[in-house]
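J.: Following is a predicted model, sequence given first.
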Amino acid sequence: GIALIPVPNPVDSVWHDRPAPPAGPARLHPDALAGATAAEKRAAIAGGLAQAGQGAAVLTLPDSISWLLNLRGSDLPRNPVVQAFAIIEADGRVAVFADPAKFGPELRAHLGNEVSFLPLSGFTPALQALSGPVRLDPVTAPQAVADLLAEIGTEIVEAPDPTLLPKARKTPAELAGMRAAHLKDAVAVVRILHWLD
């Protein structure tokens, strides 16, 4: 007989000394190491959306956004993802919502005019402006995003994040990078074991 009732996050009302969100600079991950350009990845994901009759997909996983745009971040120690939200449309345009100061002019020029960088405060208005159907991953997306889209009557297609399977299919360049990283890591482990001995 328990009913779940959505309420505003109670922690926010008492967390007065909350630190500012991380604002580490983002950098480009070289296309040669990724094995595909951001434009190629955007086109592939957008093509899948168009084929499925979906106008856009909301991306909420930092690693998905970092993979899609060949970005690496410094927001979190030892985890090179860019903390952000993004919307990719069926025509391949991507809007990234994060602190715009993270993204320098060289990075913006490399990604081109099809990728825009907006402050996080623009995420809610952008969601409200979407016309359905909109793809949303019910496993990974915040409930607040689903609630907002439902509240304004946007047609939601519940489906996995469209980058998950392509991201899992490693390119030859990514496989070579993984092997090289393993060799470096193996040397580090052997050295520390020798030091312990």
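T.: Looks like it came in fine.

J.: Who's the closest spatial neighbour of I65, skipping the chain neighbours?
T.: Nearest non-adjacent residue to I65, counting by C-beta to C-beta, 6 or more residues apart in numbering: A86, 4.7 Å away. Quick note: C-beta positions are derived from backbone N, CA and C, even for glycine.

J.: Going along the chain, name the strands of the chain.
T.: Taking DSSP state E, the strands of the chain run over residues 27-28, 56-59, 71-72, 85-89, 94-97, 115-118, 134-136, 156-158.

J.: Same list (those strands) but as JSON lines, adding mean pLDDT and distance to Q128.
T.: Below are the strands of the chain laid out as JSON lines (pLDDT from 0 to 100; distance: least, C-beta to C-beta, whole Å):
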{"stretch": "strand 27-28", "mean pLDDT": "96", "distance to Q128": "31"}
{"stretch": "strand 56-59", "mean pLDDT": "98", "distance to Q128": "12"}
{"stretch": "strand 71-72", "mean pLDDT": "97", "distance to Q128": "26"}
{"stretch": "strand 85-89", "mean pLDDT": "98", "distance to Q128": "12"}
{"stretch": "strand 94-97", "mean pLDDT": "98", "distance to Q128": "13"}
{"stretch": "strand 115-118", "mean pLDDT": "97", "distance to Q128": "14"}
{"stretch": "strand 134-136", "mean pLDDT": "97", "distance to Q128": "11"}
{"stretch": "strand 156-158", "mean pLDDT": "96", "distance to Q128": "14"}
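
J.: So which of those is nearest L175?
T.: Checking the strands of the chain against L175 by C-beta to C-beta gives strand 71-72 as the closest, at 18.3 Å.

J.: So what are the sheet partners of the closest one and their directions?
T.: The strands beside strand 71-72 in its sheet (DSSP bridges) come out as strand 27-28 (antiparallel).

J.: what's in contact with the partner strand?
T.: With contact meaning C-beta atoms under 8 Å, 6 or more residues apart in numbering, strand 27-28 is reached by N70, L71, R72, G73, S74, E106, L107, H110.

J.: What is the distance between the longest helix along the chain and the centre of its chain?
T.: In the chain, with assignment by DSSP state H, the single longest helix is helix 172-196. With C-alpha atoms, centre = their mean, to the nearest Å as the basis, helix 172-196 stands 27 Å off its chain's centre.

J.: Can you list the buried residues in that helix?
T.: For helix 172-196, burial by neighbour count (16 or more other C-beta atoms under 10 Å) applies to G177.

J.: What helices and strands are in contact with that helix?
T.: For helix 172-196, the packing partners by 3 or more C-beta pairs under 8 Å, 6 or more residues apart in numbering; DSSP states H and E come out as helix 31-34.

J.: CA atoms of the least confident helix or strand in the chain by mean pLDDT as CSV?
T.: Of all helical and strand segments in the chain, the minimum by mean pLDDT, DSSP states H and E falls on helix 10-14, at a mean of 88. In CSV, the C-alpha atoms belonging to helix 10-14 read as follows (Å, rounded to 0.1, in the frame of the first residue of the first chain):
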residue,chain,number,x,y,z
PRO,A,10,15.3,17.7,0.3
VAL,A,11,19.1,17.8,0.4
ASP,A,12,19.2,20.9,-1.8
SER,A,13,17.3,22.9,0.9
VAL,A,14,20.0,22.3,3.6
